[in-house]
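A.B. asks: okay, sequence plus prediction incoming.
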Amino acid sequence: MKRTKIAHLLQSGAVNTTVNVRGWVRTKRGSKGVAFIQLNDGSTIHDIQIVVNLETLGEECVKNAHTGACLSVIGTLIASQGSGQSVEVQATEVVVLGEANPEEYPMQPKAHSMEFLRENAHFRPRTKTFSTVLRLRHGLAFAIHKFFHDKGFYYLHSPIITGSDAEGAGEMFRVTTLDAKNPPLNENKEVDFSQDFFGKATNLTVSGQLEGEIGAMAMGDIYTFGPTFRAENSNTARHLAEFWMIEPEMAFYELEDNMELAQEFIQYVIRFALENYADDLKFLDERLAKEESQKKAEERSGMGLIEKLRFVVDNDFKRLSYTEAIEVLKNSNHHKKGKFQYNDIKWGMDLQSEHERYLVEKEYKQPVILFNYPKNIKSFYMKQNVNEEVGKETVRAMDILFPGIGEMIGGSQREESYEKLLKVITDKQMPMESLWWYLDLRKFGTAPHSGFGLGFERLIMFVTGMSNIRDVIPFPRTPKSAEF
RNA sequence: UCCUUCUUAGCUCAGCUGGUCAGAGCACAUGACUGUUAAUCAUGGGGUCCUUGGUUCAAGCCCAAGAGAAGGAGCCA
């Protein structure tokens, strides 16, 4: 008999039909004559209740239906006599496809700590919270493709292995087939990468942006969406060594167009989640409310998860130039009372996360777009603003800051002038030879263009309300941790 | 990488000033119960107190080193 997914079963409500459901046991309970099994197959957050009449079917058939076991159940979908659910399956046949020895199976029908679940990442998707996160992760990925596709953007597959070491976004993972114990050396006693697989030193990509610009300078609007890798030894709830990034790159976009697109994009995908994953979000909303109620009053965010998402969808993000932001910080009571750890606020400094958090969480209480940053603290490829006083040069960069997350998006208008870009590269003593093709884009048919990068996991964190980035990716990669 | 904290039963944790301190709840097993919703009730099994070394008459508790984890910082997305 053909299997019906639980999501479909609950939606159709076709009572008095015979169905076959298959899934994993959440809990089993019951008395002498009847057993109740909560079965879940991942298709929805909701379980289906299986009712087993032990007198007619015998106790043996559910003896091994412990938490975690996989079952195939044939039965009749009926209106439930109980109050916890509207329909249930009155079983006529229960087959245990895969047992789960309760003495050894680590998952239990109770709340586990997120740490424990990370250590059991192979069973983690069987929990309510994590399967909900995974459904939303899928939904958001789909929404991202839909948003860009509907706008006429092309999905460009930037390389995972890169020979370019000039992206400057962070420490890189070396990719090599050379013998780690005994690598070939050149005259200078350095590793001779000319003998390596690619004939040169290669790494895992830290960003697809530079390749994205190649796409934009021919296809107009493109986006990349793939894994990126940073070998930074950062141990925080907001960083991963392997994470997914979305990087659109658009020809003929100025910084303002870039900011507009970024806001529209975030609002679109969040609206998509609200419209298509209401049940999952409701569960996360309640979960977060429970968590919040245990916090001290001053640490509470004051808004529920769904409320927060609606707010972001319905309101324009606050736009603020870096220079204005410095003024706001300087004039804040927080600063005057010396409450910032780095309280010496002056133009030209890189904003610390406490400053960003103050702006987003205390001053404006909404997403904030900061733009026009000092040239000296930003990347080489960003376009410089014109007519500025000496020592106060800025570039057309923008960051979008989110409450609880920090930087969600970093982007800029790119320098399209060959001469200006060449000068910056020379001044910064960057390796010209690996950037020849990047410079060629300016030499031949250059155009104003812009783009940004969005950390997919940080978006998922915001939408799900999860507080640790390791809990929004199936297989987190962090320093000292690559199990599974 | 730095700072702080943590590591006791399968899980979540308690364990006071170093001296009946090997404990609870849940889970699990067995039994009871005619429809349960984290079912309930009774009984039971279950421990390298992270590791190593030290102090002490005596260490789960104090000290040192190591391992792992969490939170914060830096870096960033």
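C.D. replies: It's in. Nothing here was measured: the structure is a model prediction, and the numbers come from that model.

A.B. asks: how about the closest residue to RNA strand B within chain A, secondary structure?
C.D. replies: Relative to RNA strand B, the nearest point of chain A is A:Gly82 (1.6 Å; Cβ to the nearest atom of the strand). (C-beta placed from N, C-alpha, C; glycine too.) Judged by DSSP: H, G, I helix; E, B strand; the rest coil, the three-state class of A:Gly82 is coil.

A.B. asks: and it, its phi and psi?
C.D. replies: phi -80, psi 170 (degrees, to the nearest 10).

A.B. asks: what residues does the stretch 201-350 of chain A put near RNA strand B?
C.D. replies: Taking Cβ under 7 Å from any atom of the strand as the criterion, the stretch 201-350 of chain A approaches RNA strand B at residues A:207, A:230, A:232-241, A:243, A:245, A:350.

A.B. asks: picking up where we left off before, relative to A:Lys392, how far out is the residue of chain A closest to RNA strand B?
C.D. replies: With distances taken as Cβ to Cβ, to the nearest Å, A:Gly82 is found 70 Å from A:Lys392.

A.B. asks: A:Leu359: what's it in contact with?
C.D. replies: A:Leu320, A:Ala325, A:Val328, A:Leu329, A:Val368, A:Leu370, A:Leu401 (Cβ atoms under 8 Å, 6 or more residues apart in numbering).

A.B. asks: nearest spatial neighbour of the fourth one, chain-adjacent residues omitted?
C.D. replies: So that's A:Leu329. Nearest residue to A:Leu329, sequence neighbours excluded (Cβ to Cβ, 6 or more residues apart in numbering): A:Ile345, at 5.0 Å.

A.B. asks: tell me where the stretch 51-200 of chain A has helices.
C.D. replies: For the stretch 51-200 of chain A, the helices defined by DSSP state H, counting those that start in this stretch occupy A:54-57, A:60-63, A:114-119, A:128-150.

A.B. asks: quick check: phi and psi at A:Ser158.
C.D. replies: A:Ser158 adopts backbone torsions of phi -70, psi 160, taken as degrees, to the nearest 10.

A.B. asks: ok so, going back, filter the contacts of A:Leu359 down to just the ones in helices.
C.D. replies: Using DSSP state H, the members of the contacts of A:Leu359 that fall within helices are A:Ala325, A:Val328, A:Leu329.

A.B. asks: my guess is the first one contacts A:Asp350. True?
C.D. replies: So that's A:Ala325. No - when contacts are counted by Cβ atoms under 8 Å, A:Ala325 is not listed as touching A:Asp350 (11.9 Å).

A.B. asks: ok, A:Phe380 - contacts?
C.D. replies: A:Gly168, A:Leu421, A:Val424, A:Ile425, A:Lys428, A:Met430.

A.B. asks: what's the burial count for the third one?
C.D. replies: Applying the criterion other Cβ atoms under 10 Å, we find 18 residues in the vicinity of A:Val424.

A.B. asks: so what's it closest to, chain neighbours aside?
C.D. replies: The nearest residue in space to A:Val424 (Cβ to Cβ, 6+ apart) is A:Phe380, at 4.9 Å.

A.B. asks: which SS class is that neighbour?
C.D. replies: Strictly by three-state DSSP, A:Phe380 counts as coil.

A.B. asks: kindly state the pLDDT recorded for it?
C.D. replies: Model confidence at A:Phe380, given as pLDDT, is 91.

A.B. asks: cool, and the one 4 residues further on?
C.D. replies: What the model reports as pLDDT for A:Gln384 is 93.

A.B. asks: specify the beta-bridge partners of the spatially closest residue to it that is not a sequence neighbour.
C.D. replies: Once flanking residues are discounted, A:Gln384 sits nearest to A:Val395: 5.3 Å by Cβ to Cβ, 6+ apart. Applying DSSP bridges to A:Val395 gives these bridge partners: A:Tyr373, A:Gln384.

A.B. asks: what is the neighbour count of A:Val395?
C.D. replies: 26.

A.B. asks: got the contact list for it?
C.D. replies: A:Val395 touches A:Asn372, A:Tyr373, A:Pro374, A:Lys375, A:Lys378, A:Met382, A:Lys383, A:Gln384, A:Asn385, A:Ser412, counting by Cβ under 8 Å, 6+ apart.

A.B. asks: again with A:Gly152
C.D. replies: So A:Gly152 contacts A:Gly220, A:Asp221 (Cβ under 8 Å, 6+ apart).

A.B. asks: any idea how far A:Leu261 is from it?
C.D. replies: According to Cβ to Cβ, A:Gly152 and A:Leu261 sit 12 Å apart.

A.B. asks: now A:Leu422
C.D. replies: Distance of A:Leu422 to A:Leu261, given as Cβ to Cβ: 28 Å.

A.B. asks: which of those two has more neighbours?
C.D. replies: A:Leu261 (22 against 16).

A.B. asks: quick check, pLDDT for the more buried one.
C.D. replies: A:Leu261 is assigned a pLDDT of 97 by the prediction.

A.B. asks: ok, now the one 3 residues further on?
C.D. replies: pLDDT, A:Glu264: 97.

A.B. asks: can you pull the contacts of it?
C.D. replies: So A:Glu264 contacts nothing (Cβ under 8 Å, 6+ apart).

A.B. asks: make sure it is indeed in a strand.
C.D. replies: No - using three-state DSSP, the assignment for A:Glu264 is helix, not a strand.

A.B. asks: against A:Phe193, how distant is it?
C.D. replies: If you go by Cβ to Cβ, the gap between A:Glu264 and A:Phe193 works out to 43 Å.

A.B. asks: of A:Ala325 and A:Asp350, which one has the most company?
C.D. replies: Regarding A:Ala325 and A:Asp350, a neighbour count based on other Cβ under 10 Å identifies A:Ala325 as having more, with 23 against 11.
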